[in-house]
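Asker: the following block contains a protein sequence and its predicted model.
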Amino acid sequence: MKREPEFFGEGELDLVYIAKRLKEAMRLEELLTAAGLDYAVEADEYLGGFLFKRKLTGAFFYVPPESREGAHAAMLAAGYKPYSAA
């Protein structure tokens, strides 16, 4: 279920996905909610573009560390590629 960041307290949250389009973000919200996972969404900037890099805005999805594996499994089953820092 979508939660405000304050819901999670002072604990760290793990970034699991960056949605680049609104439709994509809405589908992922439905997926995570149906999976029974608590998550937070925040608009933020990322660097995009192939030849000409520019700042774009996306929806950043976060989950508590103990929910990361469940979120990744649900996302992979639905065809999403979870965010990886590497």
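Answerer: Okay, I see it. It should be emphasised that the depicted structure is a prediction, and the values quoted were computed from it without experimental measurement.
Asker: quick one, what contacts residue 65?
Answerer: With contact set as CB atoms under 8 Å, 6 or more residues apart in numbering, residue 65 has these partners: 11, 12, 13, 14. Placement of C-beta: from N, CA and C, glycine included.
Asker: now do the closest residue to the first one other than its chain neighbours against residue 18, distance only.
Answerer: To tie it back to what came earlier, the one meant is residue 11. The shortest distance from residue 11 to any non-neighbouring residue, by CB to CB, 6 or more residues apart in numbering, is to residue 64 (6.5 Å). To residue 18, residue 64 is 18 Å away according to CB to CB, to the nearest Å.
Asker: between the two, tell me which one has more neighbours.
Answerer: Just comparing residue 64 and residue 18: by other CB atoms under 10 Å the higher neighbour count belongs to residue 64, 19 against 16.
Asker: what residues are up against the more buried one?
Answerer: Residue 64 touches 8, 11, 13, 14, 38, counting by CB under 8 Å, 6+ apart.
Asker: please apply the same query to residue 78.
Answerer: residue 31.
Asker: and for the one 5 residues further on?
Answerer: Counting by CB under 8 Å, 6+ apart, residue 83 touches 15, 16, 17, 18.
Asker: include distance to residue 84 and pLDDT when you put the residues you listed into a markdown table, please.
Answerer: Compiled in a markdown table, the contacts of residue 83 are given as follows (distance: CB to CB, whole Å; pLDDT from 0 to 100):
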| residue | distance to residue 84 | pLDDT |
| --- | --- | --- |
| 15 | 10 | 96 |
| 16 | 10 | 97 |
| 17 | 10 | 97 |
| 18 | 11 | 96 |
